[in-house]
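Enquirer: give me coordinates for this.
(chains A and B)
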Amino acid sequence: AQSVTQLDSQVPVFEEAPVELRCNYSSSVSVYLFWYVQYPNQGLQLLLKYLSGSTLVKSINGFEAEFNKSQTSFHLRKPSVHISDTAEYFCAVTSISSGSARQLTFGSGTQLTVLP
Amino acid sequence: NAGVTQTPKFQVLKTGQSMTLQCAQDMNHEYMSWYRQDPGMGLRLIHYSVGAGITDQGEVPNGYNVSRSTTEDFPLRLLSAAPSQTSVYFCASSYYGSGTYSPLHFGNGTRLTVT
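Expert: Numbers count the residues shown, from 1 in each chain, chains lettered A, B, ... in the order given. The predicted model follows:
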């Protein structure tokens, strides 16, 4: 079984400032890692994923996350946020083993609020 | 593409009533699932299916039933609604099988209130 901890439930930040949303996971097997974003009254959208290869993964809108196996972390960062980045962000994990590769375990979410 | 479509968007039920939340996808995805989202708890898996005729329980299945008669549809049934089932429900789908992992596609959710 896996678990995900998002340490910060709310992160307020001023526009154009950098931000880091923290995610730690626990698993006894190898995992895939994800960040999803949820805008108000919408479903979740995949922001970025780590499956294998380079431990630094990037999204098309400037976010990046680094898989750190020794620290079991997958923190999300952006060097300069915009008002439009205001949303709730969820970290998720799934084991690589077949048969369960679609059953995501989600963290409790971090509400990012970008202030003008 | 419509993607994953959930109906209704909003629903209010009285305790003890039954209802079905509908989910349909047009991407020919084998895998479909239902999650509930509650404040401070993220999303928790209720039931999932890896193909027509195959369903299994997730983390929080009690009080919910599912069936999968077609690839496209995966309805979630509440047989006797309880206030504890007040939540936002999300349906999600993806390709399933060996090979490259396929991420989940989510619907826009059904907001259910049980009084």
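
Enquirer: what sits against the residue nearest the centre of chain A?
Expert: Centroid check for chain A by CA atoms, centre = their mean gives A:Trp35 as the closest residue, at 3.1 Å. Under the criterion of CB atoms under 8 Å, 6 or more residues apart in numbering or on different chains, the neighbours of A:Trp35 are A:21, A:23, A:46-49, A:63, A:65, A:74, A:76, A:89-92. For the C-beta atoms, the positions are set from N, CA and C on the backbone; glycine is no exception.

Enquirer: how about the residues of chain A by chain B?
Expert: Contact residues (CB under 8 Å from any CB of the partner chain) of chain A with chain B: A:4, A:6, A:9, A:32, A:34, A:36, A:41-46, A:49, A:51, A:90, A:98, A:101-104, A:106-109.

Enquirer: chain B: strands as residue ranges?
Expert: Per DSSP state E, chain B carries strands over the ranges B:4-7, B:10-13, B:19-25, B:31-38, B:42-51, B:54-57, B:64-66, B:76-78, B:87-94, B:105-106, B:110-114.

Enquirer: bridged to B:Gln25, which residues?
Expert: B:Gln25 forms beta bridges with B:Val4, as assigned by DSSP bridges.

Enquirer: that one reaches B:His105, doesn't it?
Expert: Yes. At 7.3 Å, B:Gln25 counts as touching B:His105 under the criterion of CB atoms under 8 Å.

Enquirer: same drill for those two, tell me which one is more crowded.
Expert: Using other CB atoms under 10 Å in any protein chain shown as the criterion, B:Gln25 and B:His105 rank with B:Gln25 on top: 24 against 21.

Enquirer: what's the pLDDT at that one?
Expert: Per-residue confidence (pLDDT) for B:Gln25: 97.

Enquirer: again, but for the one 4 residues further on
Expert: Note for B:His29: predicted pLDDT of 92.

Enquirer: and the gap between it and B:Asn62?
Expert: As judged by CB to CB, to the nearest Å, B:His29 and B:Asn62 stand 26 Å apart.

Enquirer: which one's more surrounded, the two?
Expert: Set B:His29 next to B:Asn62 and count neighbours by other CB under 10 Å: B:His29 wins out with 22 against 9.

Enquirer: mind listing what the residue nearest to that one when sequence neighbours are not counted touches?
Expert: Spatially, and ignoring its direct neighbours in sequence, B:His29 is nearest to B:Ser93 (3.9 Å; CB to CB, 6 or more residues apart in numbering or on different chains). Shown here is B:Ser93, whose contacts under the criterion CB under 8 Å, 6+ apart are B:Val4, B:Gln25, B:Met27, B:His29, B:Tyr31, B:Met32, B:Ser33, B:Phe74, B:Leu104, B:His105.

Enquirer: same question, B:Gly109
Expert: Taking CB under 8 Å, 6+ apart, we find B:Gly109 in contact with A:Asn41, A:Gln42, A:Gly43, B:Gln6, B:Lys9, B:Gln37, B:Val88, B:Tyr89, B:Phe90.

Enquirer: wait, the first one sits on B:Asn108?
Expert: If I follow you right, that is A:Asn41. Yes. A:Asn41 lies in contact with B:Asn108 (CB under 8 Å); the separation is 7.4 Å.

Enquirer: alright, that wraps it up for me.
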